[in-house]
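K.L.:
show me how the following folds:
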Amino acid sequence: KKKNKGKMMKAVRVLLIGVAVLTALMPGVVTWVMLCSESHPRSECMARLGRLELSLSFEDADAAPRHAPQLAPLSDLIGGRPNKARESLIGSSSSANLSFTPGRIVGNKDLLVAVVSDWKTFTGPLGSASREWARYLNGQTKHAFSVIYFVGQCPGLTPGILYAVDGAHMLCLNVTDGYPPQVKVFHAWRHIFLYHATQFSWFAKMDQDTYLNARNVGALVAALMPYSSSVQYIGKPFFGRQAEAKALGLNGRSYCSGMAYIVSRPTLQAIGPHLMRCLEGVVSNHSDTEFGRCIHAHAGIDCRAISPDYKIKNMYFSRQGSSVWPMKQTQEGRLHVDFMSTPLLPYFRAVFLHPMKDGSTMHRFHRQVVQQLRPLQVFPDSSHAADLDWHYQIAQQEFRMSCVNNPTMQRIKNRVELPECPAVEREIALPGEQVVSSAYVMVAKRQTEDSSIDIFATTLRDTLRYLYIQATIIKYESDDGLLSAKAQDTAGFTTSLLDVVTQARAAQQASILVLHELAFLRCDFRHGLQHMLATPRCGNHLYTTDSGGVVVLGLAGDGTNTCKGAKKKDVCCDLPREDLQPIATLLHHSTYDAILEWGNQKKQYATLFPYLASLGYPVRVAADPLALIGAVVPEGGDTRRFCSNHDQMLEWYAQHPK
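P.N.:
Residues are numbered from 1 along each chain as shown. This next block holds a predicted model:
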């Protein structure tokens, strides 16, 4: 009896182990059956079964994928510290030390973005720049996204395993990386069908040299969601080149351009079981036309044009300054376009933008997108080209559709007008005085000590502390050239300013206030600042994670006629002249890198603000100055009184309780 009981227990254990193993292998077996149902050779099916089992075991591993850091809570900015994820969202990543760890995509999400790449590109500068928008996309909170890079051959990595790398995912398909990437595209779609068809509502395929605007894709997904339950194939419709229209076998039906297109889950489920059969029956070497033929045959739909509000934009010409020239085509049939350094508004409004062939270009444009820059523009001059040159016609049309953040500088520098862009939306809720928690009082070192100047600076520092702004006195080597109309000697001031910005950047200070030593604050400085920053045009950009600019609170001189032409109700204006010398300036952390780049050019202090305006940062100047040089300015009564210390402020507030 004891022997029989032992044998029974052993049999039960074996049975339980067998059930566990069968349960683990069942998805692979089901997948194998689905693949073999498409009339593949038996040897190929058996080989795929082994690889699929291996892939499944890693995709279901407990190790969580390495996602990019999520946006920090808004409370992180109250103490003057910006979002700690900012460096990983904007800064470029090094491809030399990429770490590949098995990962998995957990839960149900809205959109899966499949990027078709190759090993050299993925590990090179363009792949690094591409993963910047992928990390930024992961940081969005309104919708759930995932990005997978599909590579044909990966030296040293196991095919079929989903790797987490640099804030995205990557999978080696073990197929050719040849161009056109027909085989790679079909195998990528097959993997998505087998493993992710039930996890996502929508699926986008795009080329490696296509840029995805993470700021715009959320609105696109929101517009698509009501149609998630129907078969959809959305993109930029084409019918094929006329010379090869018959050979493509499309019979007049449209396909979506391969640079970027989107399909719904029902579409993927309709074509999924037939993908390998479609690949075996291709009539051309194109991937986009053949994928379109597969959808025609098994989903019964053509490519539908995406709404103009969510554009897929293809660039057909290069442009720098006023010059425009056609795109070039390489021997491999790929398009080459030199992307402009100062993009126009239509490029920022696109969801997908193609092509961008080098990493530095994509990195620069991603920075402009995240910071919502709207650079100054030069009108495309067609005087040296044919009047009917369509490249210039499109370029001029795009120019007229654009706007800039600094229209006055646009008119002064480029002698052509463009309207001002709408103010950015607020992303952070902070009281007016808490938008800045750190200030730097710039004091010139003099050959003879002037104790009265030091007293002024110390008093200003104490006044700022009364306003809950921590102030630090910074001494610089210079004559007092900042107050001179000619600004003869401001090199020392500029050097110290760059040191301050470097320090603020290292300390991750959300924004800083830079003041001249003789700046006197308006007695109602706190309320005046709150009122100005509550105005969307003047202050919204300071309440953003990455899209801020500059607010000039006071200028050298008497501060009169600062905003000429402004309406009486205007609280601020854009930068009105090129020669202004601010003595009190709010700098958002988005401008730090640009200021340091300007510092490398060793130009005078007054050129900083036109430089920032030309790059597209919003530069705003208070119409009613909050700081002036001097003690008391008898201008307009008590509401225009400037206080030399916090005692005067207390007295003023006592007299003006409201």
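
K.L.:
lowest mean pLDDT among the helices and strands, pick that one out for the protein.
P.N.:
Ranked by mean pLDDT, DSSP states H and E, the helix or strand of the chain with the weakest confidence is helix 42-59, at a mean of 33.

K.L.:
I figured S511 hits H541, correct?
P.N.:
No. Using C-beta atoms under 8 Å, S511 is not in contact with H541, being 10.4 Å away. Any C-beta I mention is one placed from the backbone N, CA and C, and that applies to glycine too.

K.L.:
any shared contact partners between the two?
P.N.:
Counting by C-beta atoms under 8 Å, 6 or more residues apart in numbering, the common neighbours of S511 and H541 are G548, H588.

K.L.:
these two: who's more crowded?
P.N.:
Using other C-beta atoms under 10 Å, the more surrounded residue of S511 and H541 is H541, with 27 against 24.

K.L.:
where's that one relative to E290, distance?
P.N.:
Separation of H541 from E290 (C-beta to C-beta, to the nearest Å): 47 Å.

K.L.:
what helix or strand is T289 on?
P.N.:
T289 belongs to helix 288-298 when assigned by DSSP states H and E.

K.L.:
neighbouring strands of whichever helix or strand comes after that helix in the sheet, and parallel or not?
P.N.:
Next along the chain after helix 288-298, taking DSSP H and E as the criterion, comes strand 304-305. If you go by DSSP bridges, strand 304-305 pairs up with strand 233-235 (parallel).

K.L.:
need the pLDDT of the residue nearest the centre of the chain.
P.N.:
Nearest to the geometric centre of the chain sits V370, at 3.3 Å (C-alpha atoms, centre = their mean). Here the pLDDT value assigned to V370 is 95.

K.L.:
same check on D177?
P.N.:
pLDDT, D177: 92.

K.L.:
how about it, secondary structure?
P.N.:
Put simply, D177 is coil when judged by DSSP: H, G, I helix; E, B strand; the rest coil.

K.L.:
so L353 belongs to a strand, correct?
P.N.:
Yes. Assessed with three-state DSSP, L353 lies in a strand.

K.L.:
neighbours of the nearest residue to it once chain neighbours are set aside, how many?
P.N.:
Of all residues not flanking L353 in the chain, Y211 sits nearest, at 4.5 Å (C-beta to C-beta, 6 or more residues apart in numbering). Neighbours of Y211 under the rule other C-beta under 10 Å: 26.

K.L.:
torsion angles phi and psi at Y211?
P.N.:
The phi/psi pair for Y211 (degrees, to the nearest 10) reads phi -100, psi 130.

K.L.:
touching, it and F352? I think so.
P.N.:
Yes. Between Y211 and F352 there is a contact under C-beta under 8 Å: 7.2 Å.

K.L.:
helices along the stretch 101-250 of the chain, start to end?
P.N.:
119-122, 125-138, 182-196, 214-224, 245-248 (DSSP state H, counting those that start in this stretch).

K.L.:
out of those helices, deepest packed?
P.N.:
Of the helices of the stretch 101-250 of the chain, the one with the most neighbours on average (mean count of other C-beta atoms under 10 Å) is helix 125-138, at a mean of 24.

K.L.:
between helix 214-224 and it, find me the angle.
P.N.:
With axes from the mean of the first three to the mean of the last three C-alpha atoms, to 10 degrees applied, the angle from helix 125-138 to helix 214-224 works out at 60 degrees.

K.L.:
just give me how far helix 125-138 sits from the chain centre.
P.N.:
9 Å (C-alpha atoms, centre = their mean, to the nearest Å).

K.L.:
just checking, what packs against that helix?
P.N.:
Counting contacts by 3 or more C-beta pairs under 8 Å, 6 or more residues apart in numbering; DSSP states H and E, helix 125-138 packs against helix 86-90, strand 109-117, strand 145-151, strand 168-172, strand 211-212, helix 214-224, helix 359-370.

K.L.:
could you rerun that using 7 Å?
P.N.:
In terms of contacts (3 or more C-beta pairs under 7 Å, 6 or more residues apart in numbering; DSSP states H and E), helix 125-138 is packed against helix 86-90, strand 145-151, strand 211-212, helix 214-224, helix 359-370.

K.L.:
quick one: average confidence on that helix?
P.N.:
93.

K.L.:
report the angle between that helix and strand 168-172.
P.N.:
Going by the same axes, to 10 degrees, helix 125-138 makes 130 degrees with strand 168-172.

K.L.:
helix 125-138 to strand 145-151, inter-axis angle?
P.N.:
Orientation check (the same axes, to 10 degrees): helix 125-138 against strand 145-151 gives 160 degrees.

K.L.:
what's around H527, how many residues?
P.N.:
Neighbour count for H527, taken as other C-beta under 10 Å: 15.

K.L.:
distance-wise, check it relative to A129.
P.N.:
H527 sits 45 Å away from A129, going by C-beta to C-beta.

K.L.:
do I295 as well
P.N.:
From I295 over to A129 (counting by C-beta to C-beta), the distance is 31 Å.

K.L.:
cool, K205 as well?
P.N.:
On the measure of C-beta to C-beta, K205 and A129 end up 19 Å apart.

K.L.:
what does W390 give?
P.N.:
Applying C-beta to C-beta to W390 and A129 gives a distance of 30 Å.

K.L.:
check E417 too.
P.N.:
For E417, the distance to A129 (C-beta to C-beta) stands at 34 Å.

K.L.:
just T361 next, same as before
P.N.:
Going from T361 to A129 by C-beta to C-beta gives 8 Å.

K.L.:
reformat the helices and strands packed on helix 125-138 as a markdown table; add distance to F317.
P.N.:
As requested, those are exported to a markdown table (distance: least, C-beta to C-beta, whole Å):
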| stretch | distance to F317 |
| --- | --- |
| helix 86-90 | 28 |
| strand 145-151 | 29 |
| strand 211-212 | 17 |
| helix 214-224 | 23 |
| helix 359-370 | 15 |
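
K.L.:
any idea which of these gets closest to H516?
P.N.:
helix 86-90 (29.2 Å; C-beta to C-beta).

K.L.:
still on that earlier bit, how about residues contacting the helix holding T289?
P.N.:
With contacts defined as C-beta atoms under 7 Å, 6 or more residues apart in numbering, helix 288-298 is touched by 182, 185, 233, 240, 248-250, 253, 255-258, 267, 270-271, 274-275, 278, 282, 284, 301-303.

K.L.:
angle of that helix against helix 182-196?
P.N.:
Going by the same axes, to 10 degrees, helix 288-298 makes 50 degrees with helix 182-196.

K.L.:
any idea how far helix 288-298 is from the chain center?
P.N.:
Distance of helix 288-298 from the chain centroid (C-alpha atoms, centre = their mean) equals 33 Å.

K.L.:
so for it, what gets flagged as buried?
P.N.:
D288, T289, E290, F291, G292, R293, C294, I295, H296, H298 (16 or more other C-beta atoms under 10 Å).

K.L.:
ok, P155 - how many residues close by?
P.N.:
The burial count for P155: 7, using other C-beta under 10 Å.

K.L.:
contacting residues for the nearest residue in space to it that is not next to it in sequence?
P.N.:
Nearest residue to P155, sequence neighbours excluded (C-beta to C-beta, 6+ apart): W119, at 6.7 Å. By C-beta under 7 Å, 6+ apart, W119 lies in contact with V151, Q153, C154, P155, D177.

K.L.:
return the member of the residues you listed nearest to L555.
P.N.:
When those are ranked by distance to L555 (C-beta to C-beta), V151 comes first, at 55.2 Å.

K.L.:
can you tell me how far that closest one is from S287?
P.N.:
15 Å.

K.L.:
higher neighbour count, these two?
P.N.:
Neighbour tally, V151 and S287, criterion other C-beta under 10 Å: the higher count belongs to V151, 28 against 24.

K.L.:
picking that back up, any idea which of the contacts of W119 is the one closest to V441?
P.N.:
The closest of those to V441 turns out to be V151 (C-beta to C-beta; 54.2 Å).

K.L.:
which residues does that closest one bridge with?
P.N.:
S117, C172.

K.L.:
looking at it, it is touching F122, isn't it?
P.N.:
Yes. Contact between V151 and F122 holds when scored by C-beta atoms under 7 Å: they sit 5.6 Å apart.
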